[in-house]
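Novice: Just a sequence and a predicted model for now, questions to come.
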Amino acid sequence: MISSILPTYNRAPLAFVKGAGSWLEAADGSRYLDMGAGIAVNALGHAAPELVAALGEQAQKLWHVSNLYQIPEQQRLADQLVAATFADTVFFTNSGTEACELAVKMARKYWYEKGAPERVEILTFAGAFHGRSSAAIAAAGSEKMVKGFGPLLPGFVHLPWDDLEAVKAAMGPNTAAILIEPVQGEGGIRPASDAFLKALKDISAETGTLLIFDEVQCGMGRTGRLFAHEWAGITPDIMMVAKGIGGGFPLGAVLATEAAASGMVAGTHGSTYGGNPLGCAVGAKVMEIVSTPEFLAEVNARAGFLRQKLEALVAAHPGVFSEVRGQGLMLGLKCLPAPGDVVAAAYAQNLLTVPAADNVLRLLPALNISEADMAEAVARLDAAATALEQKPA
Ligand SMILES: Cc1ncc(COP(=O)(O)O)c(C=O)c1O
C-alpha cells in the first residue's frame, strides 16, 4: 500500500523535534551533529535567534497580502540584493526550481523582444541540477531525472562539464543563454574552473548570449564569497538564488541586469506567494548578517580549518576516501564505497551528511558552525570510516 506521503524519497529512519545551531534533537533526546544544514539551507544553523526574532516579529504583523500590493519587506530585500551584486532587479520565488523557470523564461523573452525569437536554445552541462520542474529536468537532461517524464521542454543543449571547445562548437544562431552552476552541488561538489567561467563570460560578451548562473546551492556565502562567481571576478546577466537566502524559510530569487530583464514587463510572470512578507523579513536578516565582509572572512577561516582536518581524514582512510573537493563550506569527500554507505555509517555516529553524484559525500554545514563542532564532525567521520574499514567485505 502506498504511504500517505508520496514515496519519492528514500528517507532515513530519523525524525527531529528541535534544533539549535549545528545540532538536531530527536524525540528520544538523542542529538545529531548536522553537517548537511537541510541541504545547504540553514545558513545560520537551526533556530538562529536573529531569524527566529525576524520571523516572529513579522508573524505578529502580517503574513500575506499578495503581489497585488506593495510589500515593504520585499522591497527591502530586493534593495539589499541589488546593492550587493551585479543585479539591477529581483523577482522572488519560493524555491530554486521556480527561480530556474523564470531564468529560462527571462532569457527567451529577452531575445523575443529583441526581434530574434529563434534564439531559444540554452546550453547546459553534464552533472547539472536545476530542480524538478519540467523545464529544470529538461535543462539538466540526465536519464535519471527525465526518464518517463516526456515530452520534455525543448531547447536545451547538453554539454560536457568544463569543456570550452564543446561550448564554442555548440554556439549558434539559436543560442539564447548559457546556464551553469559555478560549483555543482548535486553533481558532486564540482567547482567550474575560474578560467572556464571567464571564458564563458567572454563568449557571452562577444555574442550577446546571456550568462545565467545557478547559485541556488553555492550562493549566499557558502563558498566564502557572497556569491561563488565572485571568485572568478566576473558577473552573470541572470542569477538564480534560493536555499541559504531563507535560512530555512522557503525563499528563492532571480537576480538580473536591467537589460536581461527587459522583456519581463507587467503580466509576463507572477507568483501568489513569492516575496511574501514572512520570507522576505527572514531573507533580509540573512542578507544583513551573511553579506558583511567580517562574516564572509569567518566563513573562509572556518573553511580553511575544516578542509585541513578533512585532508588529514582522507590521508588516514585511503580505503574510504580519495579526495577533498569544493570551496568554502561547500565541501565534498570523494568516496570509494557508495556514498550512501558512508552516510549510513555517519548516521551510526549521530552525524548528518548528504550524498551527491560522482560518489561524493557532501559537507554543507551552517556557515556559522564552531571550530569545536567541525572538529567533532571530523572525529565522527573518522569513526564512521573506521567502522566501514572493519566491516567484513
Ligand atoms: C543548484 C541547484 N539549483 C536548483 C535547485 C532546486 O531548488 P529547490 O529544491 O529549492 O527547488 C537545487 C536544489 O538542490 C540546486 O542545488
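Specialist: Sure thing, it's come through. Numbers count the residues shown, from 1 in each chain.
Novice: Show me which residues of the chain are close to the ligand?
Specialist: Residues of the chain lying close to the ligand (C-beta under 6 Å from any ligand atom) are 39, 95-97, 100, 129-131, 181, 185-186, 214, 216-217, 242. Bear in mind the C-beta positions are built from the backbone N, C-alpha and C, glycine included.
Novice: Run through the neighbouring helices and strands of the helix or strand bottoming out on mean pLDDT in the chain.
Specialist: Sorted by mean pLDDT, DSSP states H and E, the helices and strands of the chain end with helix 143-146, the least confident at a mean of 93. Packing partners of helix 143-146 (3 or more C-beta pairs under 8 Å, 6 or more residues apart in numbering; DSSP states H and E): helix 134-140.
Novice: picking up where we left off before, what does the least confident helix or strand of the chain contact?
Specialist: Helix 143-146 is contacted from outside by 132, 137-138, 140, 152, using C-beta atoms under 8 Å, 6 or more residues apart in numbering.
Novice: ok, now how distant is residue 209 from residue 163?
Specialist: 17 Å (C-beta to C-beta, to the nearest Å).
Novice: Neighbour count for the two, which is higher?
Specialist: Per other C-beta atoms under 10 Å, whichever of residue 209 and residue 163 has more neighbours is residue 209, with 23 against 14.
Novice: for that one, what are its contacts?
Specialist: By C-beta under 8 Å, 6+ apart, the contact set of residue 209 is 171, 175-178, 203.
Novice: re earlier: is it possible to export the contacts of helix 143-146 to TSV including neighbour count, pLDDT and distance to residue 70?
Specialist: Compiled in TSV, the contacts of helix 143-146 are given as follows (neighbours: other C-beta atoms under 10 Å; pLDDT from 0 to 100; distance: C-beta to C-beta, whole Å):
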residue	neighbour count	pLDDT	distance to residue 70
132	15	97	32
137	24	98	35
138	23	98	35
140	25	97	36
152	15	94	38
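Novice: How much space separates residue 346 from the ligand?
Specialist: 20 Å (C-beta to the nearest ligand atom, to the nearest Å).
Novice: count of neighbours near that residue?
Specialist: 25.
Novice: Which strand or helix spans residue 56?
Specialist: With elements taken from DSSP states H and E, the one containing residue 56 is helix 49-61.
Novice: Please name every helix or strand in contact with that helix.
Specialist: helix 277-290.
Novice: quick revisit: just the contacts of helix 143-146 now: which is nearest residue 191?
Specialist: Taking C-beta to C-beta as the measure, residue 191 lies nearest residue 140 of the contacts of helix 143-146, at 17.9 Å.
Novice: What is the burial count for residue 272?
Specialist: 10.
Novice: do the same with residue 231
Specialist: 18.
Novice: Residue of the stretch 51-200 of the chain nearest the ligand, please.
Specialist: residue 96 (2.3 Å; C-beta to the nearest ligand atom).
Novice: so that residue sits right up against residue 129, yeah?
Specialist: No: counting by C-beta atoms under 8 Å, residue 96 does not reach residue 129; the two are 9.1 Å apart.
Novice: The two: which is more packed in?
Specialist: residue 96 (27 against 23).
Novice: separation between that one and residue 392?
Specialist: Using C-beta to C-beta, one obtains 41 Å as the distance from residue 96 to residue 392.
Novice: where do the helices sit along this structure?
Specialist: Listed in chain order, the helices found in the chain under DSSP state H are 37-40, 49-61, 72-84, 96-113, 134-140, 143-146, 164-170, 194-207, 277-290, 293-316, 339-347, 371-390.
Novice: which residues are in contact with the longest one?
Specialist: Taking C-beta under 8 Å, 6+ apart as the criterion, the residues outside helix 293-316 that touch it are 221-222, 224-226, 289-290, 321-324, 327-329, 331, 333, 363, 365, 367-369, 371, 374-375, 377-378, 381-382, 385.
Novice: so it versus helix 371-390, what angle?
Specialist: Comparing the axes of helix 293-316 and helix 371-390 via axes from the mean of the first three to the mean of the last three C-alpha atoms, to 10 degrees yields an angle of 20 degrees.
Novice: Any idea how far helix 293-316 is from the middle of the chain?
Specialist: In this view, helix 293-316 has its centroid 19 Å away from the chain centroid, taken as C-alpha atoms, centre = their mean, to the nearest Å.
Novice: same check, this time on the fifth one
Specialist: Averaging C-alpha positions (C-alpha atoms, centre = their mean) puts helix 134-140 16 Å from its chain's average.
Novice: How about residues contacting it?
Specialist: Against helix 134-140 from outside (C-beta under 8 Å, 6+ apart): 97, 100-101, 104, 122, 124, 128-131, 145-146, 149, 152-156, 179.
Novice: Would you check how far apart the closest residue to residue 237 other than its chain neighbours and the ligand are?
Specialist: Using C-beta to C-beta, 6 or more residues apart in numbering and skipping residues adjacent in sequence, the residue nearest residue 237 is residue 260, 4.0 Å away. According to C-beta to the nearest ligand atom, residue 260 stands 18 Å off from the ligand.
Novice: what's the burial count for residue 260?
Specialist: What residue 260 shows, counting by other C-beta under 10 Å, is a neighbour count of 26.
Novice: follow-up on the earlier one: kindly write the PyMOL command that selects the buried subset of the residues of the chain next to the ligand.
Specialist: Selection of the buried residues among the residues of the chain next to the ligand in PyMOL, burial being defined by 16 or more other C-beta atoms under 10 Å:
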select buried, resi 95+96+97+100+129+130+131+181+185+186+214+216+217+242
